[in-house]
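Q: got a sequence here, can you model it:
(chains A and B)
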There are 2 protein chains.
Amino acid sequence: MKAERLVKYRRISPAHLNQDKMKRYEKFADEVAELIRRGVLAPGEKVPSVRHASRTYGISPSTVFQAYYLLEDRGLIVARARSGYFVREHAQRPLHEPEIARRQAETTDVDVSELVFSVLDSLKDPDTVPFGSAFPSPDLFPLPRLARSMAQSIRDMPAQEIIADMTGGNGHLRRQLALRYMVSGVMLPPGELVITNGAMEALNLCLQAVTSPGDLVAIEAPAFYATLQVLERLKLKAVEIPVHPREGMDLEALADSLARLPIKACWCMSNLQNPLGASMSEDRKRALYELLHTHQVPLIEDDVYAELYFDNQPPKPVKSFDRDGLVMHCSSFSKCLAPGYRVGWVAGGRFAERIGRLKLMTTISPSVPAQAAIADYLQHGGYDRHLRKLRHALEAQQDAMLASAARHFPASTRVTRPSGGYFLWFEFPETVDSLQLFQQALAQGISLAPGPIFSATRRFANCARLNYGYPWNTRSEQAMELLGRMLRSF
Amino acid sequence: MKAERLVKYRRISPAHLNQDKMKRYEKFADEVAELIRRGVLAPGEKVPSVRHASRTYGISPSTVFQAYYLLEDRGLIVARARSGYFVREHAQRPLHEPEIARRQAETTDVDVSELVFSVLDSLKDPDTVPFGSAFPSPDLFPLPRLARSMAQSIRDMPAQEIIADMTGGNGHLRRQLALRYMVSGVMLPPGELVITNGAMEALNLCLQAVTSPGDLVAIEAPAFYATLQVLERLKLKAVEIPVHPREGMDLEALADSLARLPIKACWCMSNLQNPLGASMSEDRKRALYELLHTHQVPLIEDDVYAELYFDNQPPKPVKSFDRDGLVMHCSSFSKCLAPGYRVGWVAGGRFAERIGRLKLMTTISPSVPAQAAIADYLQHGGYDRHLRKLRHALEAQQDAMLASAARHFPASTRVTRPSGGYFLWFEFPETVDSLQLFQQALAQGISLAPGPIFSATRRFANCARLNYGYPWNTRSEQAMELLGRMLRSF
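A: Numbering: from 1, shown residues only, chains lettered A, B, ... in the order given. Model (predicted):
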């Protein structure tokens, strides 16, 4: 029966098996891992025997062995003497998922910045356990290889090109990006891509391109705190739309707001939403696009975590349904390849020219050598191989944090199970004040991102976002235990 | 008598003779060049004989010879057989300087962007003679040496530092910058420096830090066109203060406006103003500071050309008179070392924290590898040696363009003689329409920056800014001749 489930599962992803250059055993291991992550193979359950699996899938026993060794390495299964392999029991008492938040006030002036900065300041101490960080561990990135690309591309770059690249962006990088869009099914007209100083600049420029001070913008609740800061800076008003922990933005609530309020733009993370980790289904993405299209409200799609999916297929952006340039699709290399290089982009749809001009007026251009380095790496560095490794590392770290939370946090704690990224969203018992928790934890050398920084209306007082993007170790475990004790003291 | 003039001149710059590590003959050559530039030694005039100069200054004849060879190389003097050296007669019929512009309307909404972009677009063709460019030739920069610094510093950089440097900027670069301020007599409290994505971002952030939409800002007329674009983007109103071609901003006009209008900030280039090239004297800089201090109006000092001075002493910024953090001093490496790297900064005075936070909200950080590369270059690359070479090259190119203009342009044309930078500002006869000239020239493969893009009120219709930052060659000469013919056709 287990084998059947595997077979059934395999049928839905045949593309994955033949498409890329992964070794056979890695593919098989990935598929088993996926089943474990989805709970098809439950903790403690026996995985198919080597003989059984070999026969069912028509692969050699040694391929199955290699796959199981890999899964053991990744902490997903354990060998028991003379019994075979079993799914690890790291979460005997798994925590429940949170529910969708209730809707709040219609429109809100935003002034959350001070609070956000006090949290960001707390992260400066390198000795702090970085559960509050917005970045995964830099050790997960191929920085030495990237440095080689940097050295080579800047050495070979004609002087004139350094000046020319400032206006339109590095041509090589633009081609590489367009190619990646094409492979994922999005055909971009040339000229639609604007290279920016990270996704943050792209998002700022998009919002400026389609709004004026005082305008209403539909955003998520909870939302990435920088969204709130950008709204605050541009003197825009927020219309908070609840986000379901697994399904993403509540489209009924959005439809309702669009029908009643003069909303000028919608800002949304359709994949691996920060902080909830929700990913919208393709149907819901299409529905979101059609809804916005009806009202001709531009979508600013923040898609910076898309490459960090744990599923077998990369998630599509809403941009892939865009018929008339209504979607501005923003992303960057900061979270998946090159932190600190500050290279992002936006496929700006019908607003691309306007966005490009705003960029020339504010920062002119992102760093030209950084663009050239990333372009070289994309072509020669093995980006997709790196991404697979990164996803595996993050998935194992998510398992570790979930298991640790189940061991140490109060049983009534709720937690998300995102299928990617590096954030968990915890909903603690009602009595917990996460701002107080933040202060107490910081005094003990642990950072976290308290719930209220993710809301214009300072909701989510009993929630927090924890980062599992750093390799799990005894310090992480001790920090979770300590947090658990603090939680119980509320 | 010539020797006396030289002696007199030497007395006013003794610091220069002992301070740095220039060779003796280079120093002497520089001083003679300065006298030529200032007209103390006129075109055609004989320079002191080697014997005479050697005796007067107590330097060896070979040092004088070396200096004269250098000056000959730089095109400033020529040897005549059996007669000695003479100042080159490149401008027998020099053009006059323009006069200060009259004042215009009190306050102005700004909408010059479209015009600016059409000019910028025209520069994209690499075959165009780049008189309209905003940059000097990239061949004047030590890009290969900088690439070595880049390769080395990024290779040696700990992964954690890449993340950490995003919040506060690269520590090494901050120290190098603070040191350069210290050497030039400005003691910056730690924390006052914010590293930005070029000076353009610094200027944007400063303006945002001290204004709200609708506020009045005092700017120069003519002003750098990006100033106008930034005002337009932030929905600020311009109060245009005339700039004298040599003395800089008209302080009486400024005082008058400050007394009558609720001006929220003043944006000024005190050194080598773009486009006029004016540099304020120290007395005028002090007076400007005191005036703004009285009204408690913050100064945004755009000082990106300061390193490109032709005088013997580096010019001081207004910032050096700042007693209470009222001055935000902005600069970058884009015009003097590393175009395309996009590394600038602001010494933000009492507004530094606010500026730093705005930066975190808009672009987070400039590229970390680019910062590290420049820090390494500043320490090991020979920055001051490069700057001396760059200044000499630009000075020779200015001479060449001035001489060419005198040969080819109508005699009633007026032109500035800035003591640095790489722009000349031409005031053509009243009948010339520089926007038409721009179109005609572009059709012939020549770009230029027409006067109206430097004014919120679209003045300076008969003016243009020409860039002499590219090595002078026969194409440049032909382009000037062609422009001369077009000018005469008006």
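
Q: any idea how far A:Ser60 lies from A:Tyr25?
A: 9 Å (Cβ to Cβ, to the nearest Å). Heads up, the C-betas are built off the backbone N, CA and C, glycines and all.

Q: who's more crowded, these two?
A: A:Tyr25 (19 against 13; other Cβ atoms under 10 Å in any protein chain shown).

Q: for that one, which non-adjacent residue is closest in space?
A: A:Gln66 (3.8 Å; Cβ to Cβ, 6 or more residues apart in numbering or on different chains).

Q: now do A:Ala347
A: A:His329 (4.4 Å).

Q: cool, A:His408 as well?
A: A:Gly484 (3.3 Å).

Q: so that neighbour sits against A:Phe426, correct?
A: No. If you go by Cβ atoms under 8 Å, A:Gly484 and A:Phe426 don't touch, sitting 11.1 Å apart.

Q: low-confidence ranges in the stretch 101-250 of chain A?
A: Applying pLDDT under 70 to the stretch 101-250 of chain A flags residues A:102-105.

Q: flag every residue of it that's near chain B.
A: Applying Cβ under 8 Å from any Cβ of the partner chain, one finds that the stretch 101-250 of chain A approaches chain B through A:113, A:117, A:120, A:124, A:126, A:135, A:137-139, A:141, A:143-144, A:147, A:150-151, A:154-155, A:157, A:159-160, A:162-168, A:197-198, A:200-201, A:204, A:208, A:213, A:226, A:229-230, A:233, A:235.

Q: which of these fall in helices?
A: Among those, the members falling in helices (DSSP state H) are A:113, A:117, A:120, A:143-144, A:147, A:150-151, A:154-155, A:159-160, A:162-168, A:198, A:200-201, A:204, A:208, A:226, A:229-230, A:233.

Q: out of those, which are buried?
A: With burial judged by 16 or more other Cβ atoms under 10 Å in any protein chain shown, the buried subset of those is A:113, A:117, A:120, A:143, A:147, A:150-151, A:154, A:159, A:162-166, A:198, A:200-201, A:204, A:208, A:226, A:229-230, A:233.

Q: contact partners for A:Ile36?
A: A:Leu76, A:Ile77, A:Val87 (Cβ atoms under 8 Å, 6 or more residues apart in numbering or on different chains).

Q: run a quick neighbour tally on A:Gly191.
A: 12.

Q: which residue of chain A sits farthest from its center?
A: A:Arg82 (40.3 Å; Cα atoms, centre = their mean).

Q: pLDDT at A:Gly84, what is it?
A: For A:Gly84, the pLDDT comes out at 86.

Q: against chain B, how distant is it?
A: 39 Å (Cβ to the nearest Cβ, to the nearest Å).

Q: and that residue, what does it touch?
A: Counting by Cβ under 8 Å, 6+ apart, A:Gly84 has contacts A:Lys46, A:Val47, A:Ser49, A:Val50.

Q: return a PyMOL selection command for the buried portion of these.
A: Applying 16+ other Cβ under 10 Å to these leaves a buried subset, and the PyMOL line that selects it is:
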select buried, chain A and resi 47+49+50
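
Q: taking the contacts of A:Gly84 one by one, which sit in strands?
A: The strands in this structure, assigned by DSSP state E, contain none of those.

Q: nearest to B:Leu292 among the contacts of A:Gly84?
A: A:Val47 (74.4 Å; Cβ to Cβ).

Q: quick one: residues contacting that closest one.
A: So A:Val47 contacts A:Lys2, A:Val32, A:Leu41, A:Ala53, A:Tyr68, A:Ile77, A:Gly84, A:Tyr85, A:Phe86, A:Val87 (Cβ under 8 Å, 6+ apart).

Q: quick one: which of those is nearest chain B?
A: A:Ile77 (30.3 Å; Cβ to the nearest Cβ).

Q: next, count neighbours for the closest one.
A: Neighbours of A:Ile77 under the rule other Cβ under 10 Å: 26.

Q: does A:Ser257 touch A:Glu240 like I think?
A: No. The criterion here is Cβ under 8 Å, and A:Ser257 misses it with A:Glu240 at 9.1 Å.
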